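A.B. asks: Here's a sequence, model it:
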Amino acid sequence: MIETAADATANQIVTVETKGLLFDMDGVLISSTGSVVRCWQRWCKLYGMPNAEQFQVPHGTRAVDIVRMLKPGFNEVQVAEGLHTIEELELEDTADLMVLPGVKALLERLPLERWAVVSSATRRLLVGRLAAAGLPVPERVISGDMVVRGKPDPEPYRRGAELLGFAPGECVVVEDAPSGVGAGVAAGCRVLGVLGTHPAEQLRAATWLARSLEEVEVTVKADGLELRFTPVG
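C.D. replies: Just a heads-up that it's a prediction; the model follows:
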């Protein structure tokens, strides 16, 4: 039977052995929600969308897929222009980007070959946000413009596991959004859902839930990693 977060027992420390970690970026490593919301609402206004200031961003979805959703009549040239516009807006809006609790300490403990970032952001935006937040750009990255199908499709996390040289089942995905949790599960990975951007009820498909990465202890072993944390029940 596959364990899910709904089955986890609160206040009981869990120990997880894994070969590698696959991190989403926004909402897991850094907080960028304010920038994302502001920029997409500005984009909607620029492109004449009604009620632009009320647009609810589908977090965890690639920008190119949001552009296509909002403007289904756009041809590929127009989609590319729309994508460039939102990328520029988000690269400029970094005032309130911040590293989330526990992230720096955790990443400093990880061998470079044991982790990757798998994000719906374009590679340019991914690098820009990590730099603005003062985090290192990892050697291994799967960005939204490196895949044919974005989250919740399993392709990004399958590619991430492949980049590390492990099977998906040997990796743990760390996610904050329902689309990313779904992508990790569909890829065959175990998923640690981190609370913050979405309520626990929306992340119940995850294998475990944690309040933040500050509560996750990592031990580096000869053949992989050991995670210890108290799951949210």
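A.B. asks: any low-confidence regions in this structure?
C.D. replies: Low-confidence segments of the chain, defined by pLDDT under 70: 1-11.
A.B. asks: residue boundaries of the helices in it?
C.D. replies: 33-46, 63-70, 76-92, 103-109, 123-133, 155-164, 178-187 (DSSP state H).
A.B. asks: quick one: the longest one to helix 123-133, angle?
C.D. replies: To tie it back to what came earlier, the one meant is helix 76-92. Taking axes from the mean of the first three to the mean of the last three Cα atoms, to 10 degrees, one finds helix 76-92 and helix 123-133 inclined to each other by 10 degrees.
A.B. asks: buried ones in helix 76-92?
C.D. replies: G82, L83, T85, I86, E87, L89, E90, L91 (16 or more other Cβ atoms under 10 Å). Every residue, glycine included, has its C-beta placed from N, CA and C.
A.B. asks: farthest pair in the residues you listed?
C.D. replies: Spatially, the most separated pair among the buried residues of helix 76-92 is G82 and L91, at 15.1 Å (Cβ to Cβ).
A.B. asks: Would you map out the domains in the chain?
C.D. replies: Following automatic domain parsing, one gets these domains for the chain: 5-32+97-229, 33-92.
A.B. asks: end to end, how far does the last one reach?
C.D. replies: Using Cα to Cα, to the nearest Å, the end-to-end distance of domain 33-92 comes to 14 Å.
A.B. asks: Start the count at 464 instead of 1 going forward.
C.D. replies: Got it, the first residue is 464 from now on, which makes the last one we talked about domain 496-555.
A.B. asks: mind checking how far that domain is from the chain centre?
C.D. replies: Domain 496-555 sits 18 Å away from the centroid of its parent chain (Cα atoms, centre = their mean, to the nearest Å).
A.B. asks: hmm, back to that, can you redo the buried residues of helix 539-555 as CSV with distance to S583?
C.D. replies: Shown next, in CSV, are the buried residues of helix 539-555 (distance: Cβ to Cβ, whole Å):
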residue, distance to S583
G545, 16
L546, 12
T548, 17
I549, 12
E550, 12
L552, 16
E553, 12
L554, 15
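A.B. asks: of these, closest to R525?
C.D. replies: L546 (9.0 Å).
A.B. asks: correct me, but G645 touches P615?
C.D. replies: Yes: here G645 reaches P615: they are 3.8 Å apart, a contact under Cβ atoms under 8 Å.
A.B. asks: what's around K534, how many residues?
C.D. replies: As a burial measure, K534 scores 15 neighbours (other Cβ atoms under 10 Å).
A.B. asks: ok, now how distant is it from L627?
C.D. replies: 36 Å (Cβ to Cβ, to the nearest Å).
A.B. asks: Could you do E633 as well?
C.D. replies: 9 Å.
A.B. asks: Can you check which residues contact both of these two?
C.D. replies: K482, G483 (Cβ atoms under 8 Å, 6 or more residues apart in numbering).
A.B. asks: sorry, back to before: out of the helices of the chain, the one nearest G687 is which?
C.D. replies: helix 618-627 (10.8 Å).
A.B. asks: Buried residues in that closest one, which are they?
C.D. replies: E618, P619, Y620, R621, R622, G623, A624, L626, L627.
A.B. asks: Please produce CSV containing these, extended by distance to W506.
C.D. replies: Formatted as CSV, the buried residues of helix 618-627 follow (distance: Cβ to Cβ, whole Å):
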residue, distance to W506
E618, 25
P619, 23
Y620, 27
R621, 30
R622, 27
G623, 28
A624, 33
L626, 30
L627, 34
